[in-house]
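Engineer: Got a predicted structure plus its sequence, pasted below:
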Amino acid sequence: MTALRAAANVLSLSFALPHEASHYAVARLGTDDARIAVEVTGGRAAAAWPPLENRALRAFAFLAPTVFGSILIALWLLSPQGIDGWRLIVAIGLAGYTVPSPADIRGALGRQPVQQDM
């Protein structure tokens, strides 16, 4: 069972790492204190930054993977390429990258406890 869990953790990094890297890249536009951490054994990646004063940048930092992924999905849907074979695997990964977590939505709305102190 632990081998199966380890494999699932490593596979989840294929879309979790780019998702968190997108948060990190956009947050770096507003602060030099943004950081990213990757835990391979736990299959986790996380980006963190202090509260951003600019509301638009804060919302974009939390929703960057959703925005970028939606643009990629729209371009794919407009192209003549269908979803067949290996493209199905890519589509599943793109969906995993694009879907915002509840924490992403709370952060974009400014409803995380650390943002309430501002």
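Structural biologist: Structure's in. What do you need?
Engineer: which parts of the one helix or strand residue 26 maps to are buried?
Structural biologist: Applying DSSP states H and E as the criterion places residue 26 in helix 2-27. For helix 2-27, a neighbour-count test (16 or more other CB atoms under 10 Å) marks 9, 13, 15-24, 26-27 as buried. (C-beta placed from N, C-alpha, C; glycine too.)
Engineer: Strands of this structure, start to end?
Structural biologist: All strands of the chain, identified by DSSP state E, fall at 35-39, 44-48.
Engineer: Could you list the low-pLDDT ranges of this structure?
Structural biologist: Across the chain, residues meeting the criterion (pLDDT under 70) sit at 1, 40-43, 113-118.
Engineer: For residue 73, give me its contacts.
Structural biologist: Shown in contact with residue 73 (CB atoms under 8 Å, 6 or more residues apart in numbering): 94, 98.
Engineer: start the count at 38, not 1, going forward
Structural biologist: New numbering, starting at 38: the last item is residue 110.
Engineer: circling back to that earlier point, determine which stretch of the strands of the chain is the most buried.
Structural biologist: strand 81-85 (a mean of 17; mean count of other CB atoms under 10 Å).
Engineer: what's the angle between it and strand 72-76?
Structural biologist: 170 degrees (axes from the mean of the first three to the mean of the last three CA atoms, to 10 degrees).
Engineer: so strand 81-85 versus helix 39-64, what angle?
Structural biologist: 20 degrees.
Engineer: which outside residues touch strand 81-85?
Structural biologist: So strand 81-85 is contacted by 46, 50, 53-54, 56-58, 60-61, 64, 71-76 (CB under 8 Å, 6+ apart).
Engineer: This completes my enquiry, with thanks.
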